[in-house]
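*Asks:* here is a sequence together with a model predicted from it:
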Amino acid sequence: MSSYGMGEQMSVPEQAVVFPGSTEAEIASQPACWLRAAALAREASPALPRRGERVAVVGCGTSWFIAQSYASAREASGHGETDAFAASEMPPARRYDRVLVLSRSGTTTEVLDLLGRLAGTAPTVPITAITADASTPVAAAAGAVIALDFADEQSVVQTRYATTELALLLAHLGQDIEPMAVGAAEILQADLPDELLRAEQFTFLGTGWTCGLASEAALKLREAAGFWTESYPAMEYRHGPIAVAGPRRVVWLFGPAPIGLAEEVAAAGGLLWQPPEAVLTPLAELVRVHRVAAAIARGRGLDPDRPRNLTRSVILLPR
């Protein structure tokens, strides 16, 4: 089994904000983690999908949304056909040149079940796992492992691990991570807008690779704050979701706004949120979502480190 660990450290502007809890500290560490992942991408390149390979990317929860973002970005950059699946839903008969497994814990039942099924197929497909711990069952079942142990978290809710994982994958596609890290550092230093903290509902919209980010943004607010959130491809917003637009309801865009959408949201009494960096560095904008989620959670008297009904890994007992 090939294993890849921490890369060289790179610099990022120091943060001026002091945060009170594990979640907030983990959120604040993201720019430095992304740059570290970008350096690691060069070392780990042999384990990552090669140009032209037909690739399946699988995960659960947050990892599934990161898989969606990477799959779209990989195809758009011309690296090859790429499908993203929830681990429980990967078609058993479909053949790929490589399977990329995303699992922070390395213990998720659905992922392990899928790896067991893949081990019984012929010809055997190469499997790479990206995880926070190279000693886990998922890592043991893969042919190559990339361990992002430097981005692991104490919190149940994923923030820095997920974005660091995506930074690694985007860097492997040739994207420059430094502007994303700088943008995130600026967002960490900025005040959170009152209109976001007072909102009663969020709809997140994305296009292309940012559709996965929109889904992940919605999940973060649901997990950390028990909040009413939705997510859609941006052009789908008019096909029903606009029905809930109104005062204190935010349409949060990752990527360009469809023509006329801002006017339609305003006419419905809603707020369209799209700062310039959301278009230029969408991954950095996800950091603002993380901060909003943590702030709303604490404002509601909730602990974003340990949300109700959630555990760090879903491990199902045999039946």
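*Replies:* Okay, I see it.
*Asks:* when you work out contacts or count neighbours from here on, use the C-alpha atoms and nothing else.
*Replies:* OK.
*Asks:* any idea how many residues pack against Gly299?
*Replies:* Here the number of neighbours of Gly299 (other CA atoms under 10 Å) works out to 12.
*Asks:* show me the contacts for Ala44.
*Replies:* Listed by CA atoms under 8 Å, 6 or more residues apart in numbering, the contact set of Ala44 reads 4, 146.
*Asks:* phi, psi of it?
*Replies:* Main-chain torsions, Ala44, degrees, to the nearest 10: phi -90, psi 0.
*Asks:* same deal with Val250?
*Replies:* phi -110, psi 130.
*Asks:* do Ala257 as well
*Replies:* Backbone geometry at Ala257, expressed as degrees, to the nearest 10, gives phi -80, psi 130.
*Asks:* list the contacts of Thr281.
*Replies:* 179-180, 183.
*Asks:* state the distance from it to Arg238.
*Replies:* 25 Å (CA to CA, to the nearest Å).
*Asks:* for Asp149, give me its contacts.
*Replies:* Counting by CA under 8 Å, 6+ apart, Asp149 has contacts 5-6, 131-133.
*Asks:* how about a cut-off of 10 Å?
*Replies:* By CA atoms under 10 Å, 6 or more residues apart in numbering, the contact set of Asp149 is 5-6, 104, 131-134, 161.
*Asks:* now Ala243: how far from Phe204?
*Replies:* In terms of CA to CA, Ala243 sits 14 Å off from Phe204.
*Asks:* more crowded one of those two?
*Replies:* Higher neighbour count among Ala243 and Phe204: Phe204, with 25 against 10, using other CA under 10 Å.
*Asks:* which pLDDT value goes with the closest residue to Val101 other than its chain neighbours?
*Replies:* Nearest residue to Val101, sequence neighbours excluded (CA to CA, 6 or more residues apart in numbering): Ala129, at 4.6 Å. For Ala129, the model assigns a pLDDT of 97.
*Asks:* any low-confidence regions in this structure?
*Replies:* Along the chain, the parts satisfying pLDDT under 70 run over 1, 6-21, 122, 309-311, 314-317, 319.
*Asks:* centroid-nearest residue for it?
*Replies:* Ile66 (4.1 Å; CA atoms, centre = their mean).
*Asks:* and that residue, what element?
*Replies:* Using DSSP states H and E, Ile66 maps to helix 62-76.
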